[in-house]
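Trainee: Here you go, sequence then predicted model.
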Amino acid sequence: MQDIYSEAEVGSKFNEPVFVEKICDYLVEQAVIENYAVCSYKKETLGLKVDAWHHNNDNGTLTLIVSHYGDQLERLTTSLALQISKRPVRFFERCLDISFMESMEESDLAYPLVRTISLKSSTISGVRVIIITNSEISKSIKSIPETQVGELDVAFDIWDIERIYRLDSSNLGKEAIEIDFASEFGKCLPCLKAFSESDKFQSYLLALPGDLLSKLYDKYTERLLEQNVRTFLQFKGKVNKGMRNTIVNEPNMFFAFNNGLTATAEEIETIEKSGISLISKLKNLQIVNGGQTTAAVYNTLKKEKADLSQVFIQVKLTIVPPENVEDIVPKISEYANTQNKVNAADFFSNSPFHWRFEELSRRVWAPSIDGGLQETHWFYERARGQYMTAKTKLTPAEQKKFEKINPKNQMITKTDLAKFYNSWDKVPYIVSLGAQKNFGKFADSMTSQWEKSEAQFNEMFFKEAIAKAIIFKDLDRNIMKQDWYGGYKANIVTYTIAKFRDLTDSANKQLDLISVWRQQKLPEELLRNLLEIAEVVNDVIKTTPTHVTNIGEWCKKEDCWKNVVKSSAILNGDVEQFLIDPNEAKEQRKDAVAIQSIDNGIKAQKYVFDKSSMYWKQIIEWNKSSFALSHKEKSILDIAASIPSKIPTEKQCLSLLDIEKKAFEEGFYI
């Protein structure tokens, strides 16, 4: 709540809009929604209210978000929750009458939503209402029962202040998926055990009914696929079209034709009945391979109204405790059979880039602001929940020290980094696609650049990345305070930064990002210029082509960016002091690459010596029967095996890392 007060600053009437955007951002981070658009529609006399929305084009679900906000902590009673839940439902019903759309101004923030419901209701497969509130939910509220509007099911979910706090302060930083098959779906799942009592990890084989898989995806959506290597590719590839056709035309053959799912869970409960093992409960189920199959089954039900009673999917389920997830799940995902080709970027969350950036975030100290003595870190969460996990291992006194060194407002996630980077890289239309799709493009870019030269990802790269974060965050914090602001903050921020970068490029200059890093804040002159550019951007993105009325969708198009490039925004004269010649920046990066290369050599030497000569002798012995290594590789190994009488050079140590990797790939193990 204090975050909201400090962001709104200019008066309590701004508290609720800040609350809505902050919680919607949180729901995106939690994979509850893919994206959102603010609409802020409220007609109290008619009992209508919607604050934000999202239409998932893949599965047809329309999500309506309604806020209940108060400046004091209150209790959300059952009667009040029911009253709030009816407002977006009434709004939806009203939108089905086209006269409601015709009576509305096209400039109204809610117009794109009204138009979507009025003209594209056939593309909506179901409605989900999410109530967000800074009240605390009454213990008497178990859930709000589903209802119907015409043939459409309407489901409800409540995110209250206590639920948000509980997740924010938990180790995992996400809400656990806890499935009780008997109580939720009326049946337990027969399974075959595929492990011995001495095995560290338990595995099971089962045939999952198509209708049950569809219900699971309907309830948990993208949260089921958080560990999956990629998002659903829609029915574009031959494989996905084939799945759809099989479900519709030959559902009884789906089990035979389909490779099935590879899944993990943290905990399992089984029962024995008539000699058969049944899965009764699962905690944190994740489909790590088979997201295509999952969404294909679900979408064919929603879009084709297919009968799933004869559809069964084979599932290989492995129980992986939380402490092993980071190591084991990427391997399961990588080695499992796949129906569509997986490229290197799909495994980005476990990539060397990711590890390098995390290591830099723990090592590089950020200068103190305004001449203070306390230096800090920008904490990079390579895996979700790392920040809270690091904190909870400490005593209360150590936790306070940790928070001083790693302030919460300096914690950034991988999707944050993608947003900062791609905005600066002048692809705001990609950023506007939403966190996950933008991250996919970022992953492709980083993987490609790493393969060209990993040494470019060094301290300077890290400092410049944090400077981009500072610019983005400071601009984002100030946009809502402007007199001209009327929504679409996320789009305005990314387009403004991209336009600023385009202006400096056109002037053959570069912003001195390292100077922003040193100050740890955006200079007033820069902020003022960015806000002036933002006002121009605001006008341009709202001036849509005649056939386009949804500004949020328009911002996802490259043509929108082309219009912004042509706009009249300018660089102010007082910003010149922060710009440098591109050749100067190039020299700085060249020096940083050289330093990173030295760092890599030092790390390689340390690794080789820490492993000891005995370890390298083991590889030599293994190679006597495998013959996997070349003569040159064997001679370098001989030197390592003779430590300390012989000392491998820095270059030889780097080669030894490659030799070790090759040995593992060829079957060497300890």
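Mentor: Arrived safely. Treat the numbers as computed from the prediction; the structure is a model and nothing was measured. Numbers count the residues shown, from 1 in each chain.

Trainee: okay, CA-based contacts and neighbour counts for the rest of this
Mentor: Fine.

Trainee: Below-threshold pLDDT in the stretch 101-250 of the chain: ranges please.
Mentor: Counting by pLDDT under 70, the stretch 101-250 of the chain has low-confidence residues at 169-174, 227-239.

Trainee: same question for the helix or strand containing Phe664, mean pLDDT?
Mentor: Taking DSSP states H and E as the criterion, Phe664 maps to helix 650-665. The average pLDDT for helix 650-665 rounds to 89.

Trainee: what does that helix rub up against?
Mentor: The contact list for helix 650-665 (Cα atoms under 8 Å, 6 or more residues apart in numbering) reads 601-602, 604-605, 608, 619, 628-629, 633, 636-637.

Trainee: Who wins on neighbours among the residues you listed?
Mentor: Neighbour counts for those, by other Cα atoms under 10 Å, peak at Leu637, which reaches 24 neighbours.

Trainee: Just the pLDDT at that one, thanks.
Mentor: For Leu637, pLDDT reads 92.

Trainee: For the longest helix anywhere in the chain, what is the distance to the chain centroid?
Mentor: Ranked by number of residues, the top helix in the chain under DSSP state H is helix 582-626. Taking the mean of its C-alpha atoms, helix 582-626 sits 31 Å from the chain's own mean (Cα atoms, centre = their mean, to the nearest Å).

Trainee: which strands and helices sit next to it?
Mentor: If contacts are counted by 3 or more Cα pairs under 8 Å, 6 or more residues apart in numbering; DSSP states H and E, helix 582-626 sits against helix 459-479, helix 631-640, helix 650-665.

Trainee: The first one: how far from the chain's middle?
Mentor: Between the centre of helix 459-479 and the centre of its chain there are 19 Å (Cα atoms, centre = their mean).

Trainee: Which residues in whichever helix or strand comes after that helix does the neighbour count mark as buried?
Mentor: Elements were assigned by DSSP H and E; along the chain past helix 459-479, the next helix or strand is helix 489-506. For helix 489-506, the neighbour count (16 or more other Cα atoms under 10 Å) marks 489-504 as buried.

Trainee: go on, stretch 115-131?
Mentor: Quick answer for stretch 115-131 (16+ other Cα under 10 Å): 115-118, 123-131.

Trainee: And for stretch 268-277?
Mentor: For stretch 268-277, the neighbour count (16+ other Cα under 10 Å) marks 268, 277 as buried.

Trainee: and it, how far apart are its ends?
Mentor: 12 Å (Cα to Cα, to the nearest Å).

Trainee: And the average pLDDT for that stretch is what?
Mentor: Mean predicted lDDT for stretch 268-277 stands at 92.

Trainee: Which parts of the stretch 151-300 of the chain are helices?
Mentor: Listed from the start of the chain, the stretch 151-300 of the chain has helices (DSSP state H, counting those that start in this stretch) covering 161-168, 181-185, 210-220, 238-249, 254-257, 291-304.

Trainee: Report the separation between the closest residue to Asp474 other than its chain neighbours and Ile470.
Mentor: Excluding the flanking residues, the one nearest Asp474 by Cα to Cα, 6 or more residues apart in numbering is Leu522, at 6.7 Å. Computed as Cα to Cα, the Leu522 to Ile470 distance reads 7 Å.

Trainee: list residues touching both of the two?
Mentor: Common neighbours of Leu522 and Ile470 (Cα under 8 Å, 6+ apart) are Val516.

Trainee: ok so, going back, can you say which two of the contacts of helix 650-665 are spatially most distant?
Mentor: Using Cα to Cα, the contacts of helix 650-665 span at most 27.2 Å, a distance reached by Ile602 and Ala628.

Trainee: Among the helices of the stretch 151-300 of the chain, show me which one is buried the most.
Mentor: helix 291-304 (a mean of 22; mean count of other Cα atoms under 10 Å).

Trainee: Strand partners (parallel or antiparallel) of the following helix or strand past that one?
Mentor: Toward the C-terminal end, the helix or strand that comes next after helix 291-304 (DSSP H and E) is strand 312-319. With DSSP bridges as the test, strand 312-319 is paired with strand 202-209 (antiparallel), strand 261-265 (parallel).

Trainee: With that, I have no additional questions.
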